[in-house]
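J.: Need the 3D shape of this:
(chains A, B, C and D)
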There are 2 protein chains.
Amino acid sequence: MMSLETVAKRARVSTATVSRVLNGVDVVKTSTRARVMKAIADLKYHPNLHARSLAGAVNKTIGVIVSNLDNPFFLDVYRAVESDCHAEGYEVIVANTLYRPEQLAASVRMMIGRRVAGLALIVSEMDEGIVQELTEGQMPVVLYDVGAAGGHVTKIRVNYRRGVERVVDYLTTLGHTDFGVIGHHSGLAPISERCNAVLESARASDPRATVRQALDADGLEGGRRAAADLLSAGTLPTAIICVNDIMAVGALLELRDRGLRVPRDISVTGFDDIELAKFCYPALTTVNIPRDQVGHTVFRSLAVGAGAGDALGREFSVNPELVVRESTGPARASAI
Amino acid sequence: MMSLETVAKRARVSTATVSRVLNGVDVVKTSTRARVMKAIADLKYHPNLHARSLAGAVNKTIGVIVSNLDNPFFLDVYRAVESDCHAEGYEVIVANTLYRPEQLAASVRMMIGRRVAGLALIVSEMDEGIVQELTEGQMPVVLYDVGAAGGHVTKIRVNYRRGVERVVDYLTTLGHTDFGVIGHHSGLAPISERCNAVLESARASDPRATVRQALDADGLEGGRRAAADLLSAGTLPTAIICVNDIMAVGALLELRDRGLRVPRDISVTGFDDIELAKFCYPALTTVNIPRDQVGHTVFRSLAVGAGAGDALGREFSVNPELVVRESTGPARASAI
DNA sequence: TTGAAAGCGATACCAC
DNA sequence: GTGGTATCGCTTTCAA
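T.: Next up, the predicted model:
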C-alpha cells in the first residue's frame, strides 16, 4: 500500500508538507501545494484513516447503536443523525443489535475500540452493566430511555405513559372499555411501561374497564399471532392497543383475514407513527414520537466540535402526540 | 486514554505478552494470562482498533455501500451480509448514499481510508469513474449490476429484463395490452433497463400494445404522483407496471383515493418483493430478487479469510421470479 | 515555507 | 514463555 511518504517522494517534499496539504493547513506555497495535489491524484492516494486517528487527529466519527434497522423508528433516528453529521463533516457508524444483549455488548466494545467521538445508544434491550461502564467512562454518550444525565452523558427520555394515556383517553371518549393490548416479550423497559400504562389509564377512566394482553415476537407476524390470540379468547375487546405500529399492522392483517372490519367492528391503535402507519389500510391511529428531534439531540450532544455539544450532559424529554387516522371509531357491542 | 502499556505495567509483563493474551495466542502461561486478564478487566481496557489495524493485524471489517437504507431491498441485502459477517467474526460498516453520486464518492473514499478488507457497492447511482478506480485498485470488490468480473472484482448481475418479461407475459396472458409504466428519474441503468424492457416485451407479444410512462421521485409519494399523472391522461391503461414495490404501493394508494378498484378496474405490479408487498392492500403482484442470495455472495466474495473468498472474481447472475398476489387480474375495457 | 523527528497504540519478529 | 523493539502511516511540535 501507498503512504504519505510515497506521495512526498513523488512531489519532492517532506511528509509533513503532504500532511499539511491534506489537512488544508494553508501555509503551504501555492506551487508546492499544486505539486503535492498532482502527486496525490496521480497516485490515487487515499490517506489511512487509522493512522490518522492514531496520530491524534480530531476524530470526526460518531457511533450509533440501534436495536433493529428494520424498525422504521430506529431507522428514522439514525437517518436524522446521519444527515446532521454529514452536514457538518462527521461520519456515522451504525451497529444494530437485533435486540440481542450480547450483540449490544459487542457493538459497544467495537465503538470504544474505534474511539468514536461520541456514542448514542438507542436500544430497547439496555443492559445495566453497559450503562454503568459507559457512565463511568469518558466518552460522550447519549442514552435513550435509561440511565441518568450529567457530565458526559445526555439522556433522552420519552414520556410513553403520556402517549398511552392519550390513546386510552381518546378511546374512552369513543366509548371503549374493553381493551386488548398487543406487546412483545423481551423484558424491555419501555415496552412493559407501555403495557402497564394502558392498564392504569384504562382503570383510571373507568374502573370496570377490561384489559387483556397478548405477547408475541416483535414484527408483523408477531402482531398477527398476538391478534389471533386475542381473538381466540371468549369475548372480543372493542379496541386493540399495540405497542408499536409494526405489530399493529400485523394485527390489522389478521383481523381482515378473519372478516372483522376496522374500525367498524373493532378499533386498532399503534405506537411510533412510522411511515407505513399512514399508508396501511385502514390508515393507523397511532402516537408519534418526534424521531428527528431525537436524532438532532443526539447530534447536538455528540458532535462537540461542530458548534454543537451544548446539549451534552442534559436531559431531554420527548412528548409523544396522538395521531388520529382511520383505524379507530366508536365502540359497539363486541362482535361474535 | 489507556494503552497496552498501562495494562502491561499493572500485570507486570511486557506489552508483547498482553498482546498475546488479547489475541488468544496460547503460549502464555496460565497464571500469567490470568494476571493479564485481571488487569484488563480492572482497567476496563479496550484495545485501540486503529492501532491494531495499523500494526498490520488482519482486517476483519468489510464495507457495504447502498443507495438507501429506507428501501427494504438495500436493507435486506445489508442484513444478509451483516448476518454472515457476524457469524464469522467480521464487522460490517455500511454507508448510504441517498442516491447522490458525490456521497457515493465520499463513501468510497471513506471505505478505502478505513482499509476495509473488501467493499461491496450495491447502488443504483453507479459512477463510471469510481468503478474504474476500484477495478484498477487492489481491494476485493463486489459490484452490483455494473462493471466486469475478474481478478479482485466480483460482479453480481440481475437479469431485470427477464423479470420484466415475466410480468409482461403474465399480464398479456390476462388480456392486457395497454400498459402504464411508473419509474423514477436518476439515470440509473437498472431502472431504465426495466422501463425499456417493458416496451420491448409488450410490443413483442402484441404489436399494437400501448405503453405510457410516468417518472417521478422514488418512494411512496413519487409513486402516487406518477399514478396521478397516468390517470390524468385521456385513456387509462389497464395495467400499471412499477419499477419497484414502494412506488407501486404509492400508486395503489392514489388509485384507491380516486375510487379505482384494484385489480377489478386496473392491475398493478411492483418489483423487488419487499415485505410490504405481501401486506399492503391488495397484496402486490411483484417480482422477487433473491436478496439473501445477493448478500451471501457479497460475503463469500469479500470475507477472504473465512473459508470464503472462493467467489471473488467471478460473475453471478441472479434471476428474478414472478410472485403473483392480488393486485393483478384480467383486463377489462378501460374505465372512465 | 519547509523538513526532521517524536510520538500515537498496537503487532510480530527475534532473542533469551 | 516472555521481553525488546522495529514498524505501520500519520500529525505535530521544533528548528531551520
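J.: you'd agree A:Leu121 is in a helix?
T.: No. Under DSSP: H, G, I helix; E, B strand; the rest coil, A:Leu121 sits outside any helix and is assigned strand.
J.: As a check, name the ranges of all strands in chain A.
T.: A:61-66, A:91-96, A:118-122, A:141-144, A:153-158, A:178-184, A:210-216, A:239-242, A:267-269, A:286-288, A:315-318, A:321-323 (DSSP state E).
J.: Now do the last one: everything it contacts.
T.: Outside of strand A:321-323, the residues that reach it under the criterion Cβ atoms under 8 Å, 6 or more residues apart in numbering or on different chains are A:Gly163, A:Arg166, A:Val167, A:Tyr170, A:Asp273, A:Ala277, A:Thr285, A:Thr286, A:Val287, A:Asn288. From N, CA and C alone the C-beta is placed, and that goes for glycine too.
J.: So which of those residues are in helices?
T.: A:Gly163, A:Arg166, A:Val167, A:Tyr170, A:Ala277 (DSSP state H).
J.: ranking the strands of chain A by burial, who's on top?
T.: strand A:239-242 (a mean of 30; mean count of other Cβ atoms under 10 Å in any protein chain shown).
J.: quick one: that one near chain B?
T.: No. Strand A:239-242 does not reach chain B (Cβ under 8 Å from any Cβ of the partner chain); its nearest approach is 14.7 Å.
J.: How about residues contacting that strand?
T.: A:164, A:167-168, A:171, A:174, A:176, A:178-183, A:198, A:223, A:227, A:230, A:248, A:251, A:266-271, A:328, A:331.
J.: still on that earlier bit, among the ones in helices among the contacts of strand A:321-323, which one lies nearest to A:Ala217?
T.: A:Ala277 (19.5 Å; Cβ to Cβ).
J.: so what's the closest residue to that closest one other than its chain neighbours up against?
T.: Distances taken as Cβ to Cβ, 6 or more residues apart in numbering or on different chains put A:Leu284 closest to A:Ala277, at 4.0 Å, once the chain neighbours are dropped. Shown in contact with A:Leu284 (Cβ under 8 Å, 6+ apart): A:245, A:248-249, A:252, A:268-270, A:276-278, A:325-327.
J.: which of the residues you listed lies closest to DNA strand C?
T.: Closest approach between those and DNA strand C, by Cβ to the nearest atom of the strand: A:Asp245, at 42.7 Å.
J.: any idea how far A:Val92 is from the nearest residue to A:Met111 once chain neighbours are set aside?
T.: Excluding its sequence neighbours, the residue lying closest to A:Met111 (Cβ to Cβ, 6+ apart) is A:Gly63, at 3.9 Å. Going from A:Gly63 to A:Val92 by Cβ to Cβ, to the nearest Å gives 8 Å.
J.: what's the answer for A:Thr235, then?
T.: For A:Thr235 relative to A:Val92 (Cβ to Cβ), the value is 49 Å.
J.: now swap in A:Gly329 and tell me
T.: 42 Å.
J.: now do A:Ala239
T.: 39 Å.
J.: Kindly report the same for A:Arg10.
T.: Taking Cβ to Cβ, one finds A:Arg10 at 34 Å from A:Val92.
J.: my read: A:Val198 touches A:Val168, true?
T.: Yes. The criterion here is Cβ atoms under 8 Å, and A:Val198 meets it with A:Val168 at 6.1 Å.
J.: Spatially nearest residue to whichever residue of the stretch 201-336 of chain A sits closest to chain B, not counting backbone neighbours?
T.: With Cβ to the nearest Cβ as the measure, A:Tyr281 is the residue of the stretch 201-336 of chain A nearest to chain B, at 4.1 Å. In this structure, A:Tyr281 finds its nearest non-sequential neighbour in B:Tyr281, 4.1 Å apart by Cβ to Cβ, 6+ apart.
J.: Just want the residue of the stretch 151-300 of chain A that's nearest DNA strand C.
T.: Counting by Cβ to the nearest atom of the strand, the stretch 151-300 of chain A gets nearest DNA strand C through A:His152, at 18.1 Å.
J.: Just want the phi and psi numbers for that residue.
T.: Torsion angles at A:His152 (phi, psi; degrees, to the nearest 10) stand at phi -100, psi 10.
J.: Let me know the pLDDT of it.
T.: On pLDDT, A:His152 comes in at 94.
J.: Then A:Leu284?
T.: pLDDT at A:Leu284 comes out at 96.
J.: who's in contact with the nearest residue to A:Gly223 once chain neighbours are set aside?
T.: Leaving aside its chain neighbours, A:Gly223 sits nearest to A:Gly250 (2.4 Å; criterion: Cβ to Cβ, 6+ apart). With contact taken as Cβ under 8 Å, 6+ apart, A:Gly250 is in contact with A:Gly219, A:Leu220, A:Glu221, A:Gly222, A:Gly223, A:Arg224, A:Arg225, A:Ala226, A:Ala227.
J.: Tell me the residues of the stretch 101-250 of chain A that contact chain B?
T.: A:103, A:109-110, A:112-115, A:133, A:136-138, A:220, A:249.
J.: Just give me the least confident of those residues.
T.: Minimum confidence in those sits at A:Leu220, scoring 87.
J.: how about the helices in the stretch 101-250 of chain A?
T.: A:101-113, A:128-136, A:160-173, A:189-205, A:220-232, A:245-257 (DSSP state H, counting those that start in this stretch).
J.: Tell me which of those helices sits most buried.
T.: helix A:245-257 (a mean of 25).
J.: show me what contacts the residue nearest to the spatial centre of chain A?
T.: Central residue of chain A (Cα atoms, centre = their mean): A:Phe74, 3.0 Å from the mean position. With contact set as Cβ under 8 Å, 6+ apart, A:Phe74 has these partners: A:Val66, A:Ser67, A:Asn68, A:Asn96, A:Ile122.
J.: Find me the pLDDT at the closest residue to the first one other than its chain neighbours, would you?
T.: Read it as A:Val66. Nearest residue to A:Val66, sequence neighbours excluded (Cβ to Cβ, 6+ apart): A:Phe74, at 3.9 Å. For A:Phe74, the pLDDT comes out at 93.
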